[in-house]
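Asker: Requesting a structural model of the entry that follows:
(chains A, B and C)
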Amino acid sequence: MLSRHPCENPPALENTPPLIEIDHVTFGYDSSRPILKDVTLRFPRGKVTAILGGSGCGKTTLLRLIGGVHAADKGRVVFDGHVINTRDQDQLYRLRRRLGMLFQFGALFTDLTVFDNVAFPLREHTTLSEPMIRDIVLMKLNAVGLRGAAGLRISEVSGGMARRIALARAIALDPELIMYDEPFAGLDLISMGVAAKLIRTLNDVTGATSLVVSHDVPECMSISDHVILLANQGRVVAQGTPAELMASTDPETRQFVRGEPDGPVKFHYPAPEIDADFGLGGVTHRAASIGDRA
Amino acid sequence: MNAVARIGVIALEQFRGWGHAVFFLLDLLRAVPASLSRFGLVVAQIHAIGVRSLVIIMASGLAVGFVLALQMYYALVTYGAAESLGLIVNLSLVRELSPVVTALLFAGRAGTSLTAEIGLMKAGEQIAAMEMMAIDPKSRVLAPRLLAGIVSMPILCVLFSAVGIIGAWSVAVLLIGVDAGNFWSIMQTQVDVWRDVGNGLVKACVFGVICTVVALYQGYETEATPEGVAYATTRTVVISSLWILGMDFVLTAMMFSTP
Amino acid sequence: MGKKGIEIMVGVFVLMGMLGLAFLALKAANLGSVTGGDTYSLSARFDNVGGLKARAPVRSAGVLVGRVDSIELDPATFQGVVTLDIDKRYQFPKDTAAKILTSGLLGDQYIGLVPGGDDKNLVDGEAVAQTQSAVVLENLIGQFMTGRAESSGAAASEPAQ
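Answerer: Prediction:
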């Protein structure tokens, strides 16, 4: 596959209206240093979309903007046709009830048990009776394979289990959009495999749209329908199916998907000439240094 | 940047901080009605904040009562006024010492635990998770703790006074031998319920609000690091204590200046 | 500890607070005495109320029977009008006298009621007819000196102060 201009919608996708549109969004926590600069993206409905990129390129910030936690400085974020207005509390409330978010380390409520954590959104947002809530909670825990752990306290639970419990909590209200913030970070291979399987299965079974923000290229590639690669300030480097990105000849894309230490993203942090630092004045030939390519 | 400009920057930062705190307080107050309907949360917090502070408050009250009785006795007996010991201890406790000492202890015990708890919840993204679930953390987490503090402080203050008076009684009457009848009767005629006990309770309520709001604010605004949380807990104690002592002066002047 | 346990402990906590408050109010302060229950109002006019303050005690035969509610100046007669709240248990005859007395030598001032012999009693809102103003120390000294001047045989008699 040839590399195409990153801003075009890859024609491999069906022509369904996207669930989320990011429209020329600029945002920074500090207005002098924008984290996202004029970013335009579309996330197709019902698919697993992975957002890859190095640290600090704005992936998590994107999730926060979609969740309405921050307001974009410029541009608009559109969820299912509605422009997100962070000042409208009612709209935000209704919007957030349709999405579930899995935080990086679970963000479970440490003072509650596993059961109470998963039951939390049900108890807060619905008026279901306790027996019904119990059934739903156990079903969700069963879906992530932790039905037997319902009575444990959070302090007794391992990292991988915590993520799965958080996932059960995120899907408690059967959301249309599930966002995963670094779901594979810090997990062993088995847990990573489990997490990947859950993300894919959930998406297929419930018909939800999934957004996975991650560094982990192999796992993401194995489960995603659509991949977006971002660089600094949210600049879109590449978009497409996993196969397209793996086969890309664009140097930036290749460096990222293959994990090459040096390339368009340099190995050396910008520094003065090495001779000057080591006081080797007057030497005309530069000695070969690690980052040099033949 | 010269010194004047630097002072200006620091002053502006302070004002910004205070403004931020005021908005925080307003949001908190706005969240109170919603949390009143979830009274179970408030009850759980009264237990965590109030009931758990009982031991230290009552132990301190007893100790203060003992010491007051001893010290005042030695001062009064030189003027032949040892009969007024009960009155002096009562007034000192109910008007000043109970609200202030209870508030300082409360800030130290309950205030720091509130700050640490909220700070750690923030650091572990629990607050952000709640927001993402369309649950307002201010009404679910913060406002119940505020209400619990406002309810607990006056109760603790009353218990401090009561235990202190009993402690003073035991030293004065049982140990030293002051006349028991006079101990109580002089107290009863001179201590006014509304002016002395009532004003002491008003002070306790005000201090309860101060301590709890400062503790919640410091926890909520802390940096999400271990050092940040540790720093925030010490700030809670320092800021609460300064506010308590300052407000005590203001309230005393308002309440007790005209006899 | 389960939810029930927590609720019980909080209930006990609140109960302890109320008991402590009751102890303070009743045993350690003056709530046990007057001004909780029913009272009726009497008024009294004085030329000089001296150091009398609101909430000062009203006593008869030394026993606390009520409290001073308010003290105002009558703009017509320029007398001080004192409103008294008297406990309903105590009824005073119509010819009762109200005096402003000092407890001890230099203590707080209070109102003393000296009952007369009338059959009919004062009712709510009535004024006490006979009053004796507070003793002002300067006037007392002035009278004393005037008295001394007269009794020492000086011819000129000063107008009584």
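
Asker: alpha carbons only for contacts and neighbour counts from here, please
Answerer: Fine.

Asker: near chain C, which residues of chain B show up?
Answerer: Selection of chain B residues close to chain C by CA under 8 Å from any CA of the partner chain yields B:43-44, B:46-47, B:50-51, B:90, B:155-156, B:158-159, B:161-162, B:184, B:187-193, B:197.

Asker: for chain B, longest helix please?
Answerer: helix B:3-36 (DSSP state H).

Asker: just checking, what packs against that one?
Answerer: helix B:39-49, helix B:143-169, helix B:199-220 (3 or more CA pairs under 8 Å, 6 or more residues apart in numbering or on different chains; DSSP states H and E).

Asker: hmm, stretch A:150-159 touching chain C?
Answerer: No. Contact between stretch A:150-159 and chain C is absent, the nearest approach being 13.9 Å (criterion: CA under 8 Å from any CA).

Asker: Identify each buried residue in that stretch, please.
Answerer: By 16 or more other CA atoms under 10 Å in any protein chain shown, the buried positions in stretch A:150-159 come out as A:150, A:153-154.

Asker: Where does the prediction get shaky in chain A?
Answerer: Within chain A, the stretches with pLDDT under 70 are A:1-15, A:281-294.

Asker: residue nearest the centroid of it?
Answerer: Taking CA atoms, centre = their mean as the criterion, A:Val213 is the residue nearest the geometric centre of chain A, at 1.6 Å.

Asker: Contacts only, for that residue.
Answerer: A:50-52, A:59-60, A:179-183 (CA atoms under 8 Å, 6 or more residues apart in numbering or on different chains).

Asker: let's go with 6 Å and repeat that
Answerer: Listed by CA atoms under 6 Å, 6 or more residues apart in numbering or on different chains, the contact set of A:Val213 reads A:50-51, A:181-182.

Asker: from these, which is closest to chain C?
Answerer: Chain C lies nearest to A:Asp181 out of those, by CA to the nearest CA, at 34.4 Å.

Asker: where do the strands sit along the stretch 51-200 of chain A?
Answerer: Applying DSSP state E, counting those that start in this stretch to the stretch 51-200 of chain A gives strands spanning A:74-79, A:82-83, A:99-102, A:177-181.

Asker: In TSV: these, plus mean neighbour count.
Answerer: As requested, these are exported to TSV (neighbours: other CA atoms under 10 Å in any protein chain shown):
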stretch	mean neighbour count
strand A:74-79	19
strand A:82-83	14
strand A:99-102	26
strand A:177-181	24
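
Asker: Which SSE is immediately downstream of the longest helix along chain C?
Answerer: Across chain C, the helix with the greatest residue count (assigned by DSSP H) is helix C:3-22. Using DSSP states H and E, the helix or strand that follows helix C:3-22 towards the C-terminus is strand C:39-46.

Asker: ok, that next one: who's next to it in the sheet?
Answerer: The sheet places strand C:39-46 alongside strand C:80-87 (antiparallel), strand C:127-128 (parallel), with pairing taken from DSSP bridges.

Asker: Confidence-wise, which of those strands is weakest overall?
Answerer: Least confident of the strands paired with strand C:39-46, judged by mean pLDDT, is strand C:127-128 with a mean of 86.

Asker: ok, residues contacting that strand?
Answerer: So strand C:127-128 is contacted by C:42-44 (CA under 6 Å, 6+ apart).

Asker: mind listing what's buried in the longest helix of chain B?
Answerer: Within helix B:3-36, the residues that qualify as buried are B:21, B:24-25, B:28-29, B:31-32, B:34-36, counting by 16+ other CA under 10 Å.

Asker: Relative to the whole chain's centre, how far out is that helix?
Answerer: 21 Å (CA atoms, centre = their mean, to the nearest Å).

Asker: per-domain residue ranges of the chain.
Answerer: Chain wasn't specified; assuming chain A. Split into domains by automatic domain parsing, chain A comes to A:20-98+A:175-269, A:111-173.

Asker: other chain: chain C
Answerer: If you go by automatic domain parsing, chain C breaks into C:1-32, C:34-141.

Asker: ok, back up a step: buried stuff in the longest helix of chain C?
Answerer: C:6-7, C:9-11, C:13-14, C:16-17, C:19-22.

Asker: So which of those reach chain B?
Answerer: Contacts with chain B within the buried residues of helix C:3-22, counted by CA under 6 Å from any CA of the partner chain: C:10, C:17, C:20-21.

Asker: In TSV, list those along with distance to A:Glu273.
Answerer: Listed next are these as TSV, based on distance: CA to CA, whole Å:
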residue	distance to A:Glu273
C:Val10	70
C:Gly17	74
C:Gly20	78
C:Leu21	78
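
Asker: which among those gets closest to chain A?
Answerer: C:Val10 (19.0 Å).

Asker: quick one: contacts for that closest one?
Answerer: Going by CA under 6 Å, 6+ apart, C:Val10 touches B:His47.

Asker: ok and the residue in the stretch 151-294 of chain A nearest chain B?
Answerer: Counting by CA to the nearest CA, the stretch 151-294 of chain A gets nearest to chain B through A:Ala170 (8.3 Å).

Asker: Bridged to the closest residue to that residue other than its chain neighbours, which residues?
Answerer: Leaving aside its sequence neighbours, A:Ala170 sits nearest to A:Gly100 (CA to CA, 6 or more residues apart in numbering or on different chains; 4.5 Å). When assigned by DSSP bridges, A:Gly100 has beta-bridge partners A:Ile178.

Asker: which residues touch A:Gln91?
Answerer: Listed by CA under 6 Å, 6+ apart, the contact set of A:Gln91 is empty.

Asker: any idea how far it is from B:Ala134?
Answerer: 10 Å (CA to CA, to the nearest Å).

Asker: Got phi/psi on B:Ser90?
Answerer: Just so we're on the same page, residue B:90 is Asn rather than Ser. phi -60, psi -50 (degrees, to the nearest 10).

Asker: That one: how many residues sit nearby?
Answerer: Close neighbours of B:Asn90, defined as other CA atoms under 10 Å in any protein chain shown, add up to 33.

Asker: Nearest residue to B:Ala162 in space, please, no chain neighbours.
Answerer: B:Ala162's closest residue in space is C:Gly20 (CA to CA, 6+ apart), at 5.7 Å.

Asker: per-residue pLDDT, that neighbour?
Answerer: pLDDT at C:Gly20 comes out at 91.

Asker: Now do the contacts for it.
Answerer: B:158-159, B:162.
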